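Participant: 3D, please:
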Amino acid sequence: MKVNFTLTDEQANLLVCYIIQTTTHREECRKAWESIAQERNEDGTPKFKNAESNARYYADLERKLNEIKRIIDNAPYTE
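Facilitator: You can find the predicted model right below:
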């Protein structure tokens, strides 16, 4: 799906600022889930069955938000 829309300069700046300001939080969440995903029960099964997919979610989210930021950063400004 492709969607085109217009943001004001203020909206674009606010969105980029939000993406930047929340980067550390997302990185910490991803690292925590990656660490938790390593934990195993005595039988070798994952102690937390969704931890690996949660870590992948945060890694994917970071990639997607960086792409959105890149698109905004490279968008032409119009009057």
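Participant: now for the helix or strand harbouring residue 11, which elements pack on it?
Facilitator: Using DSSP states H and E, residue 11 sits within helix 9-21. Under the contact criterion of 3 or more Cβ pairs under 8 Å, 6 or more residues apart in numbering; DSSP states H and E, helix 9-21 touches helix 51-74. The C-beta positions use only the backbone N, C-alpha and C, and glycine is treated the same way.
Participant: circling back to that earlier point, what comes up buried for the helix holding residue 11?
Facilitator: Neighbour counts over helix 9-21 (16 or more other Cβ atoms under 10 Å) mark 12, 16, 19 as buried.
Participant: I figured the last one hits residue 71, correct?
Facilitator: What that stands for is residue 19. No - counting by Cβ atoms under 8 Å, residue 19 sits too far from residue 71 to count as a contact (11.1 Å).
Participant: how close does residue 22 get to residue 7?
Facilitator: According to Cβ to Cβ, to the nearest Å, residue 22 stands 18 Å off from residue 7.
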